[in-house]
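**Q** Take this sequence and fold it.
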Amino acid sequence: MTTTLVLADESYIEGYVPSQADVAVFEAVSGPPPADLCHALHWYNHIKSYEKEKASLPGVKKALGKYGPANVEDTTESGATDSKDVDDIDLFGSDEEEESEEAKRLTEERLAQYESKKAKKPALVTKSFILLDMKPWDDETNMAKLEE
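**A** Alright, predicted model coming up:
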């Protein structure tokens, strides 16, 4: 099960190319995973396509328990995974977090300053320029007659 969790986020057990880690896990799997585990099934079929080249893949085989998330041994013993591990990393912050009163007050002050600066500026008067460029058809056109 933990392999399925890893394969949902990454294409391979370790790194960005097939390696001996994939071979070790592939050999430990008894057969193809069920179709509802689509990420694991895709990985299985992909590694199976390297049947003749398995020995030439980079990396070093390790014990099966050394692959996957750092807490694989804990999850296999307890039989459950912590959802807290998935939620620990919040790279971009959350919109749901409440702002402190100081931050709200500071934001309101800055908005008020911006509005007052905006109100003080005079309105721009827009002007349009229309330029008519008159060109003769050829060098025999009488330009004096064209001006009339």
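**Q** Please verify my assumption that residue 8 contacts residue 38.
**A** No: counting by C-beta atoms under 8 Å, residue 8 sits too far from residue 38 to count as a contact (9.1 Å). Using the backbone N, CA and C atoms, a C-beta is placed for each residue, glycine as well.
**Q** burial count for residue 127?
**A** Counted with other C-beta atoms under 10 Å, the neighbours of residue 127 add up to 5.
**Q** C-alpha coordinates for the longest helix seen in the chain, CSV please?
**A** Identified as the longest helix of the chain according to DSSP state H is helix 101-120. Taking Å, rounded to 0.1, in the frame of the first residue of the first chain, the C-alpha atoms of helix 101-120 are listed here in CSV:
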residue,chain,number,x,y,z
GLU,A,101,-5.9,42.1,14.0
GLU,A,102,-2.6,44.0,13.4
ALA,A,103,-2.4,42.7,9.8
LYS,A,104,-6.0,43.7,9.2
ARG,A,105,-5.5,47.2,10.6
LEU,A,106,-2.3,47.7,8.5
THR,A,107,-4.1,46.6,5.3
GLU,A,108,-7.0,49.0,6.0
GLU,A,109,-4.5,51.9,6.6
ARG,A,110,-2.7,51.2,3.4
LEU,A,111,-5.9,51.0,1.4
ALA,A,112,-7.0,54.3,2.9
GLN,A,113,-3.7,55.9,2.0
TYR,A,114,-3.9,54.6,-1.6
GLU,A,115,-7.5,55.9,-2.0
SER,A,116,-6.5,59.4,-0.7
LYS,A,117,-3.5,59.6,-3.1
LYS,A,118,-5.8,58.5,-5.9
ALA,A,119,-8.4,61.1,-5.1
LYS,A,120,-5.8,63.9,-5.0
